[in-house]
Each structure stands twice: as structure tokens, then as C-alpha cells.
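[1] below is the sequence, then the predicted model.
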Amino acid sequence: MEQGGDAAAARRMERIASHLRPTPSSQMEEVSLLRGSNCRAKGAATGFKVAILGASGGIGQPLALLMKMNPLVSLLHLYDVVNTPGVTADISHMNTGAVVRGFLGQPQLENALTGMDLVIIPAGVPRKPGMTRDDLFNINAGIVRTLCQGVAKCCPKAIVNVISNPVNSTVPIAAEVFKKAGTYDPKLLLGVTTLDVVRANTFVAEVLGLDPRDVSVPVIGGHAGVTILPLLSQVNPPCSFNSEEISYLTTRIQNGGTEVVEAKAGAGSATLSMAYAAAKFADACLRGLRGDSGIVECSYVASQVTELPFFASKVRLGRCGIEEILSLGPLNEFERAGLEKTKKELAESIQKGVAFISK
Ligand SMILES: NC(=O)c1ccc[n+]([C@@H]2O[C@H](COP(=O)([O-])OP(=O)(O)OC[C@H]3O[C@@H](n4cnc5c(N)ncnc54)[C@H](O)[C@@H]3O)[C@@H](O)[C@H]2O)c1
Ligand SMILES: O=C(O)C[C@H](O)C(=O)O
């Protein structure tokens, strides 16, 4: 064998051996991201490290697939309390750039989280017909608390995307966990409300006879019932609706989740459209981290746009996570009335989340 051939063969054998090793800890550091002092450096050469917690679930699996396809992702960690070996083996055969590693059960949570730039949390139980999102609180609050304790310990500078319901309470829960751990940075914690925007764009486009990709509807407030407040007066391209259209669209957007829960008849809630929405939102967060400009998405975040401590509205994403929370803009009378109802329900959901951690 010519000189250098031995070294190349050794490297190939090492790559085979590394596939046979169960835990990737030595490799995790290899795929490193350029970091600034507090923020990420522009143009991260090797891509970002992303963890999905709840990766074996109805959302987790298609979301893992979509993140494996994202060229900004270099390392994808899939964590769940069940089935991650199978999901990881399956996804890892896709010939895209991201390296995929699976982590199973609580003892592997810390390895799953160490070094991550973005953590996406769709872990938790979904609704069945007849339930509200708040009915999930008793189970999902504890799951989100445990996972966020892991984030605080292992990757306190990561951006966290919270999907688990009730989002109106689980985001305040995450904030309280981070405060207790002394790691809270409100710029890094984002509740995922993108599915409300995705639905609003689709339903408004149907009414207007437009391509949904050309329609943009801000949806503010929160992510449950009346707290989902589409601003139909601010649709882009500019348009107007009569009162019947406003009533139909508002109700349909607010009940989009329930529409899917009922159609699935006990088999869960939105998973595929949610994975699409979560992947879209995660991609926006990563493009922000990379330093792209003009990245604006709606999200449920710590906010001062109203008197409430958390509120969903348009936020500008950047290298430090949330760089700016945009103002709500002019609301019409119908939207102002909706905002009052939103605030009343949101205040209770936020208080419930805060109380869960402080008790
Ligand atoms: N934010 C949104 O717009 C939105 C949209 C749809 C669903 N959701 C919510 O997302 C959550 C997940 O929905 P789904 O359909 O994927 O449910 P699912 O039951 O199909 O999957 C949930 C996954 O979480 C895992 N899990 C449970 N406890 C865990 C823990 N302690 N650590 C890690 N993983 C754990 C389960 O094993 C399962 O694989 C639900 O709470 C649902 O209401 C939110
Ligand atoms: O409706 C649900 O329970 C899931 C999710 O919040 C949704 O909006 O689809």
C-alpha cells in the first residue's frame, strides 16, 4: 500500500468503529460551531447543533426528518423516553449533511443536550376530542420542567423552542425553571405558535383565492382558543374582509387544532402540519443565529407589548435569539375586543405556569 494509504484505511476503520459505538460523546465536540462571546458568530462554518426532545412522537418523527434535511444543521440529537434507537437508525440513513445521534431515557438526557445551539421540545401528551389544551397541564408541566432543568444544566446558551401544550403555561414554566437555575435569558426562550400563522395563511388564501405562500397573517396573543388572535386587518397583501368572512376566518383559525383533534378521533392532534411549522420556525431561528437579517416570525415570548409578562407577536430573530419584539400595529375594533378576551385568559394560564414552579 502506498504511503498515506495506511492512514486513510485507519480513518475508514475508525469511522466504521464509531458507528458501532453507542454513545457519540467524543464526536460531539468535533462538529463545533463558531461562537462569539455571548452570541453566535456569523457564517458558522460547520453548521448548528440541534436537539429534539420527544423525537419519537407524532411531531418528533417528521420534525426529525425535516431537520435532517436542513442544510444549516450539522448535528441532530434525537431524545425521547421510548423508541429513539429505531427512529435514529431510520433517519440516519438519509444522505443529508447532518449527523444524527439517538438518546434514550432520562440517564441520556444530559448527553443529548450538551453543546446544543437549539433545543426543540415537542415532548408531552396530545389532546383527545373533548379536551382543552389546559387539560394537558398536569402531565406536560412536569415533562417540560424536567427537560428545561436539563437545558439549564447542559446548554444554558441554547435557543429553546417550546411546542408542548399548553404553550401559554409551558413557556412560563420554562422561564421559571431557568430563573431558578440562574440561567434565564428571555431572548432565548420562544413558544412555537407558527402553526397558527401557517393555518391563518392557508385559510385566508383560500378565501382570497390566492396561493398560501403569498399570504402573510400576523397571529398574536397565545396558543389556545380565544388567545389565538389573527390580525386580519394586517394581512399581506393588503385586503379587506366583510364581517361574515372575519367571523368565519377567526373561528376557523382559533379552532384549527380542535378541527384536527376531532378528525383524528382520539388518535392525537396535529403532527404533520405541526412538524412543518416547527421546522419552519427552527429554520428561522438558525438563520437568525447565522446572522441573516430581516428574520421576523410570530412567537410567544417574554414581552412588554402588553401588561402581561408573556405574549405572542412578531419578533425579529438574530444572533442572540430575539433581537426585537415588534409593536402590534394598529388594531381595529373587533381585534381590540379580541385582545381583551385574550389577555384575560392568558393571564390565568401564565399564573398557573409560574405557580407550578414556585409551589
Ligand atoms: N405548539 C403547537 O402548535 C402544537 C401543535 C401540535 C401539538 N402540540 C403539542 O405537542 C405535544 C406533542 O404532541 P405529539 O402529537 O407529538 O404527541 P405524541 O404523544 O405523539 O409524542 C410525544 C412524545 O413525547 C415523548 N415524551 C413523553 N415524556 C417525555 C419525556 N419526559 N422526555 C422526552 N420525551 C417524552 C413520548 O414518548 C412521545 O414520543 C403535545 O403536548 C401537543 O399538544 C403543540
Ligand atoms: O390542538 C392541539 O391540541 C394541538 C395544537 O395545539 C394545535 O394547535 O394543533
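    Yep, it's here. Note that the structure is predicted; figures quoted are calculated from it, not measured. Ligands and ions are numbered 1, 2, ... in the order given.
[2] close enough to count as contact, residue 346 and residue 221?
    Yes: using C-beta atoms under 8 Å, residue 346 is in contact with residue 221, at 6.6 Å. Just so you know, the C-beta spots here come from the backbone N, C-alpha and C atoms, and that holds for glycine as well.
[3] return the residues of the stretch 151-300 of the chain in contact with ligand 1.
    Residues of the stretch 151-300 of the chain lying close to ligand 1 by C-beta under 6 Å from any ligand atom are 163-165, 167, 192, 195, 223, 268-271, 274.
[4] what do residue 346 and residue 221 both touch?
    227, 311 (C-beta atoms under 8 Å, 6 or more residues apart in numbering).
[5] with neighbour numbers in mind, choose between these two.
    Using other C-beta atoms under 10 Å, the more surrounded residue of residue 346 and residue 221 is residue 221, with 31 against 27.
[6] OK, contacts around that one?
    Contacts of residue 221 (C-beta under 8 Å, 6+ apart): 227-229, 311-312, 338-339, 342, 346.
[7] just to be sure, residue 103 is in a strand?
    Yes: Residue 103: assigned to a strand according to DSSP: H, G, I helix; E, B strand; the rest coil.
[8] identify the residues contacting it.
    77-80, 84, 109, 111-112.
[9] for residue 283, same thing?
    70, 72.
[10] next: residue 350.
    With C-beta under 8 Å, 6+ apart, residue 350 has these contacts: 168-169, 172, 308-310.
[11] over to residue 266?
    With C-beta under 8 Å, 6+ apart, residue 266 has these contacts: 128-129.
[12] backbone dihedrals for it, please?
    Residue 266 adopts backbone torsions of phi 100, psi -10, taken as degrees, to the nearest 10.
[13] which among the contacts of residue 221 gets closest to ligand 1?
    Minimum distance to ligand 1 across the contacts of residue 221 is 9.7 Å, recorded for residue 228 (C-beta to the nearest ligand atom).
[14] contacts only, for the single nearest residue of the stretch 1-150 of the chain relative to ligand 2.
    With C-beta to the nearest ligand atom as the measure, residue 127 is the residue of the stretch 1-150 of the chain nearest to ligand 2, at 3.8 Å. By C-beta under 8 Å, 6+ apart, residue 127 lies in contact with 133, 135-136, 165, 257, 261, 268-269.
[15] rerun that using 6 Å as the cut-off
    261, 269 (C-beta atoms under 6 Å, 6 or more residues apart in numbering).
[16] now do the helices in the stretch 1-150 of the chain.
    5-20, 25-28, 60-68, 84-92, 109-113, 137-154 (DSSP state H, counting those that start in this stretch).
[17] distance from the chain centre to the first one, please.
    For helix 5-20, the separation from the chain centroid amounts to 37 Å (computed by C-alpha atoms, centre = their mean, to the nearest Å).
[18] now do the last one
    Once both centres are worked out by C-alpha atoms, centre = their mean, helix 137-154 turns out to sit 15 Å from its chain's centre.
[19] list the buried residues of it.
    137, 140-141, 143-145, 147-152, 154 (16 or more other C-beta atoms under 10 Å).
[20] and of these, the nearest to ligand 1?
    Closest to ligand 1, out of all of the buried residues of helix 137-154 and judged by C-beta to the nearest ligand atom, is residue 143, at 4.3 Å.
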